[in-house]
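Participant: here is a sequence with its predicted model. Questions after.
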Amino acid sequence: MQNYRRHIEEHLLPNFEDKALAGILRTDVDLWQKRESAVYAASSVRTWRATLHVIFEDAIDEGLITTNPAARRRGRGMRAGRSRGRGPEKVITDALGILLTAERAALLSGRDDEFVAVVLKGYTGMRWGEIVGLETEFARPTSIRVEWQLYELDTGEFVRCPPKDDSYRTIDAMDWLSALVANHVARTKLAPCPCHGRTFVFRGQGTARAGGHQGAKLVDVARRAEVSTGTVSNVLNHPDRVSEAKRVRVEQAIADLGFVRGGTASENAAHWRRNGFSTWLFAPAVSAGIRRRHRRKPAPYPCSASLGPAFQPEDGAPATGPTPAGSRSPRASHRTDSATPTEP
């Protein structure tokens, strides 16, 4: 419901709230869709038009109007619609690509959850919400049962709901894939999450937050101490640049407000955030973080310098991400190697 409310408030009301229902014509809707399509993705605009269509259908049921100006004309003869604009099937990757992506994601996170999740998604085609919402009872010896998904709202809340379009299904799994998931569940000793009270196959990463930044913010400290936010930042990062009097005021404000850098962190996150997983794990894992101006031939490189001779920094450009404890920094290794003369 939250997403529908945003669609209405941000994209429908600004264009139609001043018009009477009976005064909205099909041409008005088509013109609005054309303007929106010039700025937003076509799939998003279609979703907003579908929402508008439902609103007009409700108005028809109430007897307020007789026709739906947002209704699309149906095709004649052969089936028209989505199939008409579909292109040929694309091969995204192969078995080796899935393995390399999963391996890099696990190295970036330092856990096995990401490795198992990427492999499972690559071989089953499960949607993101279905992967996040996979409960241990539905990871069976020879199959994966898709019964629920976790839908992420803008507030960060996860809603347990049926899969998209009621696409309940049982996916046959190879013996090795079922064993991979079962061993992961047994090894990680999973516990029920605090938000749903259910045990999920995959755990979140980082700290959980409810509804964005909690507690006092940097600007609150600045107002309390009667200084600029830049001064507060300097007190936190470069105290030598701030006078003694201002520093004391800022430190007192921090103590009074209970300010914590980055917000008040609570327990570990129970589930992955879509944007965080994509930005910090999946995208770097797919691209390997290869620098465009690297003067050597690009090669896939998991970001660890302690995996043995098969994965040495000289094989390619280093991937971005945190360096595992006890290993050399990939960036440092890259700088050392680049200083070594090489043959042209």
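Facilitator: Yep, that arrived. Numbering: from 1, shown residues only.

Participant: all helices of the stretch 51-200 of the chain, in order?
Facilitator: Taking DSSP state H, counting those that start in this stretch as the test, the helices found in the stretch 51-200 of the chain are 95-109, 113-124, 128-132, 175-188.

Participant: in CSV: the ones you listed, plus mean neighbour count.
Facilitator: All C-beta atoms are positioned from the backbone trio N, CA, C, and that covers glycine. Putting the helices of the stretch 51-200 of the chain into CSV (neighbours: other Cβ atoms under 10 Å) gives the following:
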stretch, mean neighbour count
helix 95-109, 19
helix 113-124, 22
helix 128-132, 22
helix 175-188, 15
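
Participant: out of those, which comes closest to Ala20?
Facilitator: helix 128-132 (39.0 Å; Cβ to Cβ).

Participant: check which helices and strands that closest one is in contact with.
Facilitator: The elements that helix 128-132 packs onto, with contact taken as 3 or more Cβ pairs under 8 Å, 6 or more residues apart in numbering; DSSP states H and E, are helix 113-124, strand 149-152.

Participant: sorry, back to before: for the helices of the stretch 51-200 of the chain, give me CSV that also has distance to Val45 and mean pLDDT.
Facilitator: CSV is the format used below for these (distance: least, Cβ to Cβ, whole Å; pLDDT from 0 to 100):
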stretch, distance to Val45, mean pLDDT
helix 95-109, 31, 91
helix 113-124, 28, 94
helix 128-132, 22, 94
helix 175-188, 38, 94
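
Participant: between the ones you listed, which gets nearest to Val221?
Facilitator: Using Cβ to Cβ as the criterion, the shortest distance between Val221 and the helices of the stretch 51-200 of the chain is 32.4 Å, found for helix 95-109.

Participant: follow-up on the earlier one: and the helices of the stretch 51-200 of the chain: which comes nearest Ile65?
Facilitator: With respect to Ile65, and counting by Cβ to Cβ, the nearest of these is helix 128-132 at 35.6 Å.

Participant: just the CA atoms of the closest one, as PDB, please.
Facilitator: Once non-C-alpha atoms are left out, helix 128-132 reads as follows in PDB (Å, rounded to 0.1, in the frame of the first residue of the first chain):
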ATOM      1  CA  TRP A 128      15.100 -11.500  -5.200                       C
ATOM      2  CA  GLY A 129      12.200 -11.400  -2.600                       C
ATOM      3  CA  GLU A 130      11.900 -15.200  -2.900                       C
ATOM      4  CA  ILE A 131      15.600 -15.700  -2.200                       C
ATOM      5  CA  VAL A 132      15.500 -13.400   0.800                       C
END
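
Participant: care to break the protein down by domain?
Facilitator: Each structural domain of the chain that the record assigns through automatic domain parsing is listed here as a residue range: 2-73, 218-257, 288-337.

Participant: low-confidence stretches in the stretch 1-150 of the chain?
Facilitator: For the stretch 1-150 of the chain, the stretches with pLDDT under 70 are 1-3, 74-87.

Participant: ok, now with 90
Facilitator: Counting by pLDDT under 90, the stretch 1-150 of the chain shows low-confidence ranges at 1-11, 13-15, 17-22, 39-44, 47, 64, 71-94, 108-111.

Participant: repeat for the stretch 201-344 of the chain
Facilitator: Where the stretch 201-344 of the chain drops to pLDDT under 90, the residues are 203-224, 227-242, 253-344.

Participant: could you rerun that using 70?
Facilitator: 206-215, 262-268, 289-344.

Participant: picking that back up, closest to Gly204 out of the helices and strands packed on helix 128-132?
Facilitator: When these are ranked by proximity to Gly204 (Cβ to Cβ), helix 113-124 comes first, at 8.8 Å.

Participant: using PDB, list the CA coordinates for stretch 140-153.
Facilitator: Provided in PDB are the C-alpha atoms of stretch 140-153 (Å, rounded to 0.1, in the frame of the first residue of the first chain):
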ATOM      1  CA  ARG A 140      14.000 -29.700   0.800                       C
ATOM      2  CA  PRO A 141      16.300 -32.500  -0.100                       C
ATOM      3  CA  THR A 142      15.500 -32.600  -3.900                       C
ATOM      4  CA  SER A 143      13.600 -29.300  -4.400                       C
ATOM      5  CA  ILE A 144      13.000 -25.700  -3.400                       C
ATOM      6  CA  ARG A 145       9.500 -24.800  -2.600                       C
ATOM      7  CA  VAL A 146       8.500 -21.100  -3.400                       C
ATOM      8  CA  GLU A 147       5.700 -20.400  -0.900                       C
ATOM      9  CA  TRP A 148       6.500 -16.900   0.400                       C
ATOM     10  CA  GLN A 149       8.600 -13.900  -0.300                       C
ATOM     11  CA  LEU A 150       9.800 -10.900   1.700                       C
ATOM     12  CA  TYR A 151       8.700  -7.700   0.100                       C
ATOM     13  CA  GLU A 152      10.800  -4.600   1.200                       C
ATOM     14  CA  LEU A 153       9.000  -1.300   1.700                       C
END
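
Participant: understood, closing this out.
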